[in-house]
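A.B. asks: The sequence and its predicted three-dimensional model are supplied below.
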Amino acid sequence: MLFTESEKKKPSEYQVLIINTIGLLSKIYKYADIVYVGGGFGVGIHNILEPATFSVPVLIGPNFKKFKEANDLVGLGA
């Protein structure tokens with residue numbers, strides 16, 4: 001469910017909630033069981049450090065090589 005379309009129900013009622021707004025992610029990562037960070041199937045990924053600081057498993061696409069933080073985390077097996 002898209003967050004912008006979830007006003008009729010509580011976000012906790014969904015198994016998957018896609019946050020499609022700006023400025024909200026850093027406030028809700030702590031509630032996530034798993035996070036997918038977009039951009040990794042295109043030119044490059046978005047910020048992966050925010051969800052990683054909450055010890056949440058982070059899924060990314062294969063195009064992360066030019067991002068030091070992503071390389072470091074993948075190298076650590078994170």
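C.D. replies: On my side now, so go ahead. As the structure is a prediction and not an experimental result, all values here were calculated from the model.
A.B. asks: CA atoms only for the helix or strand bottoming out on mean pLDDT in the chain, dumped as PDB, please.
C.D. replies: Here the helix or strand of the chain ranked lowest by mean pLDDT, DSSP states H and E is helix 25-28, holding a mean of 85. Coordinates of each C-alpha in helix 25-28 appear next as PDB, following Å, rounded to 0.1, in the frame of the first residue of the first chain:
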ATOM      1  CA  LEU A  25      11.800   8.100   6.300                       C
ATOM      2  CA  SER A  26      14.200   9.100   9.100                       C
ATOM      3  CA  LYS A  27      11.300   9.200  11.500                       C
ATOM      4  CA  ILE A  28       9.900   5.700  10.700                       C
END
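A.B. asks: So what are the sheet partners of the helix or strand immediately after that helix in the chain and their directions?
C.D. replies: Under the assignment DSSP states H and E, the closest C-terminal helix or strand after helix 25-28 is strand 35-36. Using DSSP bridges, the strands paired with strand 35-36 are strand 58-59 (parallel).
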